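Student: here is my input; please provide its structure:
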Amino acid sequence: MSDDDDDLPKDLAHITPAYRRALWIVVGLNVGYGLVEMVGGFISGSQALKADALDFLGDGLISFLGLLAISWSLAWRARSALIQGLFLAVLGLGVLATTAYRVMVLSQPEAELMGLFGAIALAVNMVAAAVLIPHREGDANVRAVWLFSRNDAIGNLAVVIAAGLVWWTGTAWPDLVVAVVIAGLFLQSAWSIIRDAQADLGSAAHGRY
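Tutor: Residues are numbered from 1 along each chain as shown. Here you go, the predicted model:
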């Protein structure tokens, strides 16, 4: 981050050129690998891998929305974050629904492919999270982008662990349990994003920025 960036108040941290570059990198990484991992999820039959792929694609979409919102007012940035939070909540509920379906038609995923795609995803997301670490503080829109990327990294680690447990136990249950954990992480972060967005909307309504 440049000296000029350091002189900006916290509320303007999201408009720096460094943040723009970081968002473009995150968008490219997440959309690109999200598509790859979704294919891998169908090939391996892993519900956790499909859930993680959805998180990748959602993260790319949210990062792009955050990029578009850079020049917007605080109120509209807060509304953007609110949309992001609601979208993440829908993803979480969707993962829970598809996981419940898989429980009724239980089949064991291919642990080797699941672990391979999960390990690559973890590496991709560690890069994305590292790019965003200097930009994790700011308004609700900025924090939403950071939470999406952080969730991806945690989800990827969980998928790798699940793959090992599927291979070790010879059952699909570790994969399904991890999918539920990832869904819970989605919902918790969605609540945090929505709460922050509402706080920013309140600040904008009272003319604090």
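Student: how close does the closest residue to residue 113 other than its chain neighbours get to residue 162?
Tutor: Counting by Cβ to Cβ, 6 or more residues apart in numbering, residue 113 lies nearest to residue 44, which is 3.7 Å off, once chain neighbours are set aside. (C-beta placed from N, C-alpha, C; glycine too.) From residue 44 over to residue 162 the distance is 11 Å, taken as Cβ to Cβ, to the nearest Å.
Student: which one's more surrounded, those two?
Tutor: Neighbour tally, residue 44 and residue 162, criterion other Cβ atoms under 10 Å: the higher count belongs to residue 162, 30 against 25.
Student: surely residue 115 and residue 164 touch.
Tutor: Yes - Residue 115 is within contact range of residue 164, at 6.6 Å (criterion: Cβ atoms under 8 Å).
Student: more neighbours, the two?
Tutor: Neighbour comparison, residue 115 and residue 164: the larger count goes to residue 115, with 22 against 15 (by other Cβ under 10 Å).
Student: next structured bit after the host helix or strand of that one?
Tutor: Secondary structure from DSSP states H and E places residue 115 in helix 111-132. Next in sequence after helix 111-132, counting helices and strands by DSSP H and E, comes helix 140-169.
Student: what residues does residue 196 make contact with?
Tutor: By Cβ atoms under 8 Å, 6 or more residues apart in numbering, the contact set of residue 196 is 81, 139-140, 143-144.
Student: repeat the analysis, applying 6 Å as the threshold.
Tutor: Shown in contact with residue 196 (Cβ atoms under 6 Å, 6 or more residues apart in numbering): 140, 143.
Student: which element is it on?
Tutor: Under the assignment here (DSSP H and E), residue 196 is part of helix 173-205.
Student: how big is the angle separating that helix from helix 140-169?
Tutor: For helix 173-205 against helix 140-169, the angle by axes from the mean of the first three to the mean of the last three Cα atoms, to 10 degrees is 170 degrees.
Student: and residue 32, how many neighbours?
Tutor: Residues lying near residue 32 (other Cβ under 10 Å) number 13.
Student: list the buried residues in the host helix or strand of it.
Tutor: Using DSSP H and E, residue 32 sits in helix 17-44. For helix 17-44, burial by neighbour count (16 or more other Cβ atoms under 10 Å) applies to 19, 22-23, 26-27, 29-31, 33-34, 36-38, 40-41, 44.
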